[in-house]
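Participant: sequence plus predicted model, see below.
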Amino acid sequence: MEKIDHKKIFKEIYKPGRKPVIVDVPPMQYLMIDGKGYPGTSIEYTQAMEALYPVSYTLKFALKKARIIDYTVMPLEGLWWAKDMTVFIIDTRKDEWLWTSMIMQPPEVTQEYYKEAIEAVQKKNAPVALPKMRLETYKEGVSVQVMHIGPFSEEGPVIEAMHQYAFNQGYELRGKHHEIYLSDPRRTVPEKLRTVIRQPIKKS
């Protein structure tokens, strides 16, 4: 059975260039956990990781064992927003950040397989955030996106340029800021981190 890498199948939305582009993102399903706080200090964020990855790998191995599909587990993604968006430019208010951490799942992952995976992970190590998890389809649609290479702290100018590109094309922003973390920050130097930055848009 051939192993599938969905990043290659959906190359347009997972491997953009370093110049902003407009894409139409199809509905995709994700394992999702909502939370609050800055990833570097938030216990909630750590707990979300401790649940998302075990369930993702449990699903992968279950579908491979059933000879339905063999695939590469997708990278971590995050939706970001806040009640007051100025918190993203004020260092002292990072604990007010709101997020949804998520990992894309292929369509072969059904609610039945999902429930079985939840039960298996619960029996094995019972992650604290497991009850907060859901399998849900996210409809993003027309968006502007770009590849950022470098530290997360240097995303600001890239995001600003991406937004300006959308404005110049006659769009306005909508929805939640979206990031896809293609690199593992534990194993990659900050200068080489690759992050897809995406923002849903609509015609002005």
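Facilitator: Structure received. Numbering: from 1, shown residues only.
Participant: just list what whichever helix or strand Ala120 is part of packs against, helices and strands only.
Facilitator: Using DSSP states H and E, Ala120 sits in helix 111-124. With contacts taken as 3 or more CB pairs under 8 Å, 6 or more residues apart in numbering; DSSP states H and E, helix 111-124 sits against helix 43-65. Placement of C-beta: from N, CA and C, glycine included.
Participant: contacts for the helix it packs on next, please.
Facilitator: 1, 31, 33, 35-39, 69-71, 73-74, 76, 99, 101-103, 105-106, 108-109, 113-114, 116-118, 120-121, 124-125, 127-130, 132-133 (CB atoms under 8 Å, 6 or more residues apart in numbering).
Participant: what lines up beside the helix or strand just after that helix in the sheet?
Facilitator: Note on helix 43-65: by DSSP H and E, the next helix or strand toward the C-terminus is strand 70-71. Partners of strand 70-71 in the sheet, by DSSP bridges, are strand 3-4 (parallel).
Participant: and the next helix or strand after the partner strand, what's buried?
Facilitator: Using DSSP H and E, the helix or strand that follows strand 3-4 in sequence is helix 6-9. Neighbour counts over helix 6-9 (16 or more other CB atoms under 10 Å) mark 6-7 as buried.
Participant: please save the CA atoms from helix 6-9 in PDB.
Facilitator: Extracted in PDB, the C-alpha atoms of helix 6-9 (Å, rounded to 0.1, in the frame of the first residue of the first chain):
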ATOM      1  CA  HIS A   6      -1.400  15.000   1.700                       C
ATOM      2  CA  LYS A   7       1.000  18.000   1.800                       C
ATOM      3  CA  LYS A   8       1.900  17.000  -1.800                       C
ATOM      4  CA  ILE A   9      -1.700  16.300  -2.800                       C
END
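Participant: helices or strands next to it in the packing?
Facilitator: Checking 3+ CB pairs under 8 Å, 6+ apart, helix 6-9 ends up next to no helix or strand.
Participant: element containing the closest residue to Ile159 other than its chain neighbours, please.
Facilitator: Excluding the flanking residues, the one nearest Ile159 by CB to CB, 6 or more residues apart in numbering is Ile197, at 6.0 Å. For Ile197, the host element (DSSP H and E) is strand 194-203.
Participant: what comes up buried for that strand?
Facilitator: So for strand 194-203, counting by 16+ other CB under 10 Å, buried means 195-201.
Participant: and if you look at stretch 162-171?
Facilitator: By 16+ other CB under 10 Å, the buried positions in stretch 162-171 come out as 162-163, 165-166, 171.
Participant: done for today, thanks.
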